[in-house]
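Quick one: sequence and predicted model below, then my questions.
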Amino acid sequence: SVAWIPSLRNAAMISGCAGTELTADERAFFAGKRPWGLILFGRNCSEANQIFDLTAAFRDLVGRDDAPVFIDQEGGRVQRLRPPLAPNYPSAAALGNIYRQSASAGKQAARVLSRLHALDLRKLGITADCLPVLDVPVEGASSVIGDRAYGLDPQTVSEMGREAALGLL
């Protein structure tokens, strides 16, 4: 129990699951511990009805229709849903390239692309995307972010990230 740690008394937990269906152990865990949310990975997504059923089962077990279900659906190389579940979308860097040609066109592209993500996810019962990536790559740091970044400067990243967030809403 974490009851003796005041800052953790009302802590929220986001959990994952092993496959495309909840195991008996996962069902018992979710029903007993009632995590705040669920995060899905590629291993959890095979087809539309299966994903919808998985998200519904999670919400039923935790007893909350509004329990958030997350996924990392950015476009580019980080896209948990692939065709035919969702189109292959461009990376943040590709959108940043549009922004560098025309700030207004880049911001519109970020907003529209995020709206498309939201539409793809909502019909599957997924309510939260781990987008936008707001990292600003710096020289000498790990290259893990790479084309997941909208740009190399805070201004570009913040403007594009704001538009992406508005599109998701």
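Noted; the coordinates are in hand.

going forward, measure contacts between C-alpha atoms and count neighbours the same way
OK.

Now stretch 104-115: buried residues?
Buried residues in stretch 104-115, counted by 16 or more other CA atoms under 10 Å: 106, 107, 108, 109, 110, 111, 112, 113, 114, 115.

Rounded mean pLDDT for it, please.
If you average the pLDDT over stretch 104-115, you get 98.

could you dump it to CSV, C-alpha only?
Extracted in CSV, the C-alpha atoms of stretch 104-115 (Å, rounded to 0.1, in the frame of the first residue of the first chain):
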residue,chain,number,x,y,z
SER,A,104,0.7,29.3,-42.0
ALA,A,105,0.7,26.2,-44.4
GLY,A,106,2.8,24.3,-41.9
LYS,A,107,0.5,25.1,-39.0
GLN,A,108,-2.5,24.2,-41.0
ALA,A,109,-0.9,20.9,-42.0
ALA,A,110,-0.1,20.1,-38.3
ARG,A,111,-3.7,20.8,-37.3
VAL,A,112,-5.3,18.9,-40.1
LEU,A,113,-3.1,15.9,-39.7
SER,A,114,-3.8,15.7,-36.0
ARG,A,115,-7.5,16.0,-36.6
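
which residue ranges form the strands in the protein?
Ranges of strands within the chain are 14-15, 37-40, 69-71, 73-75, 78-79, 128-129, based on DSSP state E.

Can you tell me how far residue 135 is from residue 146?
10 Å (CA to CA, to the nearest Å).

Show residues contacting the longest helix that the chain contains.
Identified as the longest helix of the chain according to DSSP state H is helix 103-122. The contact list for helix 103-122, computed with CA atoms under 8 Å, 6 or more residues apart in numbering, reads 73, 85-86, 89, 95-100, 127, 129, 159-161, 163-169.

Below-threshold pLDDT in this structure: ranges please.
1-11 (pLDDT under 70).
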